[in-house]
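S.K.: kindly generate the corresponding structure for this input.
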Amino acid sequence: MTLDEIGADLAGLAISVRVGGAGVTHAPQCRQVGKRVAEEATVPVSELRAGGAIRPCRTCGGAVVGELSATQSERLAALIPVLEERLQEAAEVERAKREEQERIRRADAIDKRAGYIVDAWDWKVKEERRLASRYPPERRTAVVPCVDCDAKATIAFDPRTLEVSYVCPFDSEHGFLQQDGDQEPLTTWVHRTENGLVALDLVAPVLAGADDAWAMTFASRVADYRTTVSSMEDFDKAHPPRMRLTPDVRCGDCGDPMHVWPGTTGSEPRIEAHYSCDNRHRDGKFRHHEKRLVDEEIDSLLHRTLRGHPSWATAKELEPGQGEIAAYADDLGRKLAIFDARAGAARRVGRLVRARSRLEKELDLVTRIRDHGAPATADLTRYAAGGYASYTPTWTFTELARALLTERVDVTKRTVTVVTPFDDGTSLQRLLRSREIRNELAELHERRGALERELADLEKRF
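M.R.: Modelled structure (predicted):
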């Protein structure tokens with residue numbers, strides 16, 4: 001209760017108390033008093049409450065209350081039913097919270113078991129087959145867009161065999177990848193997030209049986225996922241990104257943008273981050289390139305281009321305008337709000353978790369660009385200062401620096417082609433080189449004048 005609710009009479013009530021460092025209050029003679037508890041003090045309730053949050057000791061009640069006046073006793077009697085009602089409401093809230101946590105725990109367990117079946121973990125599926133006889137025999141199916149063509153494919157789940165299948169009516173090999181030397185094709189359809197969620201929707205309700213925990217937690221997940229992805233795409237169409245924060249890395253085989261897969265650091269074997277193109281190419285394969293190696297090629301070319309002209313890295317022509325930066329920060333903030341309003345039951349889906357994390361990092365980065373400028377945020381001011389950068393054989397640029405200093409990067413299995421605004425013949429290269437030559441001529445002119453004055457002064461002394 002607040003002091004206003006307690007009333008002036010009870011707020012002025014004197015109490016004897018000892019206060020611990022963590023805000024725990026004790027009666028003066030409490031046996032639970034520790035060494036760091038303050039000495040006994042007699043203070044009004046209002047003064048004790050002004051010191052911050054307090055937690056009365058459960059053993060002694062927290063204080064010794066002085067004798068109450070008739071007015072104080074009447075006020076306390078009126079407050080007791082209100083306090084009891086609030087305590088009951090708090091207990092109900094806590095009980096509901098515990099029930100929700102237990103429901104989510106059960107739903108997560110069912111969803112995890114379903115995931116093992118969808119991903120065909122043999123030893124986990126073998127364990128589940130011991131329960132398969134109690135499942136209904138009817139196959140469950142769902143229609144989804146084929147991952148390799150425009151047809152409608154079918155995902156099916158057989159509860160008795162616990163097998164999940166994927167069939168495209170036009171080509172039985174769609175959704176799978178046959179690698180050289182492999183007897184069994186690799187499953188690719190399930191790695192499209194929406195397909196994996198649809199498959200879970202077929203399997204999990206069967207495993208759940210009469211337990212409604214999974215349905216209460218995840219029944220709307222596919223719809224929420226689709227809504228969130230669609231909302232993000234619509235937002236991007238209406239508000240295209242106003243600046244690039246990462247380099248524009250393209251697949252050298254098809255020209256489409258490549259996305260970054262962050263890799264894994266806490267598992268064995270470790271999987272390195274890589275750039276990926278999800279298009280199936282003429283050889284029937286997808287494209288994956290280790291990010292570290294591609295970035296090293298980008299940095300090497302940039303350093304070879306700029307080490308003789310380090311000041312070009314901070315050319316004002318490369319910086320976005322302040323209005324553009326502020327508008328982009330506002331766009332990212334609104335996009336985050338839309339994401340949170342739409343995600344619902346899909347907010348813990350891996351792709352959406354990564355997408356939201358990326359949005360938060362982008363907003364933080366744009367905010368720092370707004371406050372400190374793009375060159376400083378990208379660590380380009382240190383590079384442009386010359387000195388060490390001019391003499392070191394290698395330099396590691398930040399992601400933002402690569403975005404500012406490149407226009408496009410095309411990656412194939414054998415080559416990394418980097419297009420920069422500093423390439424010979426570009427308008428920016430001509431502008432910066434002209435500016436550089438004028439500055440050098442001005443320095444030479446100033447130096448010549450100084451030498452001529454020194455010479456004239458020396459000749460006067462002959």
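S.K.: which secondary structure state does the nearest residue to G308 once chain neighbours are set aside sit in?
M.R.: In space, and not counting its chain neighbours, G308 is closest to S390: 7.6 Å by CB to CB, 6 or more residues apart in numbering. In this view, the C-beta of every residue, glycine as well, is placed from N, C-alpha and C. Put simply, S390 is helix when judged by DSSP: H, G, I helix; E, B strand; the rest coil.
S.K.: all strands for the stretch 201-350 of the chain, in order.
M.R.: 249-251, 259-261, 274-277, 287-290 (DSSP state E, counting those that start in this stretch).
S.K.: residues making contact with the third one?
M.R.: Taking CB atoms under 8 Å, 6 or more residues apart in numbering as the criterion, the residues outside strand 274-277 that touch it are 249, 251, 253-254, 256, 258-261, 263, 286-291, 294, 411.
S.K.: what do you get for the last one?
M.R.: Taking contacts as CB under 8 Å, 6+ apart, the residues outside strand 287-290 that touch it are 251, 253, 258, 261, 272-277, 279, 281, 411, 413.
S.K.: who wins for neighbours among those residues?
M.R.: Among those, M258 has the most neighbours (other CB atoms under 10 Å), with 25 neighbours.
S.K.: pretty sure that residue sits against G252.
M.R.: No: the criterion here is CB atoms under 8 Å, and M258 misses it with G252 at 9.4 Å.
S.K.: quick check: neighbours shared by these two?
M.R.: By CB under 8 Å, 6+ apart, the residues touching both M258 and G252 are V411.
S.K.: sorry, back to before: just the buried ones from the contacts of strand 274-277?
M.R.: The neighbour-count test (16 or more other CB atoms under 10 Å) marks 249, 251, 253, 258, 287, 289, 291, 294, 411 as buried among those.
S.K.: quick check: the farthest pair among those?
M.R.: Spatial extent of the buried ones among the contacts of strand 274-277 (CB to CB) is set by the pair D253 and K291 at 17.5 Å.
S.K.: leaving out chain neighbours, which residue sits closest to E360?
M.R.: E360's closest residue in space is L336 (CB to CB, 6+ apart), at 7.1 Å.
S.K.: so for the one you found, what's the pLDDT?
M.R.: Predicted confidence (pLDDT) for L336: 96.
S.K.: what about it, how many neighbours?
M.R.: If we define neighbours as other CB under 10 Å, then L336 has 15 of them.
S.K.: what's the spacing between it and G263?
M.R.: L336 is 25 Å from G263, where distance means CB to CB, to the nearest Å.
S.K.: then L202?
M.R.: L202 is 30 Å from G263, by CB to CB.
S.K.: wait, F218 sits on D111?
M.R.: Yes: the pair F218 / D111 is scored as a contact, 6.2 Å apart, by CB under 8 Å.
S.K.: more neighbours: the two, which one.
M.R.: Shown here are F218 and D111; by other CB under 10 Å, F218 has more neighbours (26 against 20).
S.K.: for the more buried one, give me its contacts.
M.R.: Counted by CB under 8 Å, 6+ apart, F218 has contacts 107, 111, 200-201, 204, 345.
S.K.: hmm, back to that, shared neighbours, F218 and D111?
M.R.: Contacts common to F218 and D111, judged by CB under 8 Å, 6+ apart, are 200, 204.
S.K.: what's the burial count for the spatially closest residue to A327 that is not a sequence neighbour?
M.R.: The shortest distance from A327 to any non-neighbouring residue, by CB to CB, 6+ apart, is to R242 (6.1 Å). Number of residues near R242 (other CB under 10 Å) recorded here: 18.
S.K.: phi first, then psi, for R242.
M.R.: phi -80, psi -10 (degrees, to the nearest 10).
S.K.: contacts only, for it.
M.R.: By CB under 8 Å, 6+ apart, the neighbours of R242 are 320, 324-325, 327-328, 331.
S.K.: pLDDT value on it, please?
M.R.: Per-residue pLDDT puts R242 at 90.
S.K.: the one 4 residues further on now?
M.R.: Residue-level confidence at T246 comes out at 94, pLDDT.
S.K.: I figured P159 was touching T141, is that so?
M.R.: No: using CB under 8 Å, P159 and T141 do not qualify as a contacting pair, with a distance of 11.9 Å.
S.K.: between those two, which one's more packed in?
M.R.: Using other CB under 10 Å as the criterion, P159 and T141 rank with P159 on top: 21 against 12.
S.K.: roughly how far apart are that one and D122?
M.R.: 18 Å.
S.K.: understood, closing this out.
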